[in-house]
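Asks: Structure for the following, please:
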Amino acid sequence: MNEPTRRVAVRGPGTRAVRRAPGRPAITALDEQDVVGDLLIRSLVRAQLVLGLRLAAVFGCLIGGLPLLFAVAPSTRRVEVLGVALPWLVLGGLVYPALLAGGWLYVRLAERNERDFVDLVERS
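Replies: Next up, the predicted model:
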């Protein structure tokens, strides 16, 4: 009446080749970390590094140039705004909002780099 259940061996395909999803070689290259994937990641890292260095140079020149401006043009040291000397006002108060704006700009541009990278990977 009740026959014992027959066991069946389940085996994989007869080939050892890795099957790739059609039309998605760049994502596969990233997943497998091969030469192409490494090149794609390096390009993203390089783009982010260049962006960071450019913004650091711009803000370094702007903020680092302020003491130089006050040293070269002594008349600016005597200007007062609301009873505070202009150099103190600029270096003590206006630099921080400029740094916040620079940070916000960096994040926006870095996210754009990442979106461009994702678009590149998805297109290929």
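
Asks: centroid residue for the protein?
Replies: A centroid search over the chain (CA atoms, centre = their mean) returns Ala110, at 3.7 Å, as the residue closest to the centre.

Asks: For the strand or helix carrying Glu122, give the mean pLDDT please.
Replies: In this assignment (DSSP states H and E), Glu122 forms part of helix 95-123. Helix 95-123 shows a mean pLDDT of 90 in the predicted model.

Asks: what does stretch 42-61 give?
Replies: Confidence for stretch 42-61, expressed as mean pLDDT, is 93.

Asks: Would you mark the buried spots in that stretch?
Replies: The neighbour-count check on stretch 42-61 (16 or more other CB atoms under 10 Å) flags Leu44, Ala47, Gln48, Leu51, Leu55, Phe59 as buried. From N, CA and C alone the C-beta is placed, and that goes for glycine too.

Asks: The fifth one contacts Trp104, correct?
Replies: No - using CB atoms under 8 Å, Leu55 makes no contact with Trp104, being 10.9 Å away.

Asks: residue boundaries of the helices in the protein?
Replies: Assigned by DSSP state H, the chain shows helices spanning 25-32, 35-72, 86-89, 95-123.

Asks: Just the residues contacting stretch 99-108, thanks.
Replies: If you take CB atoms under 8 Å, 6 or more residues apart in numbering as the criterion, stretch 99-108 is touched by Leu51, Gly52, Leu55, Val58, Phe59, Ile63.

Asks: now swap in stretch 73-85 and tell me
Replies: Applying CB under 8 Å, 6+ apart, the contact partners of stretch 73-85 are Leu69, Phe70, Leu86, Pro87, Leu89.

Asks: Give me the neighbour count for the closest residue to the second one other than its chain neighbours.
Replies: Leaving out its chain neighbours, the residue that sits closest to Phe70 by CB to CB, 6 or more residues apart in numbering is Pro87, at 4.7 Å. When counting by other CB atoms under 10 Å, one arrives at 17 neighbours for Pro87.
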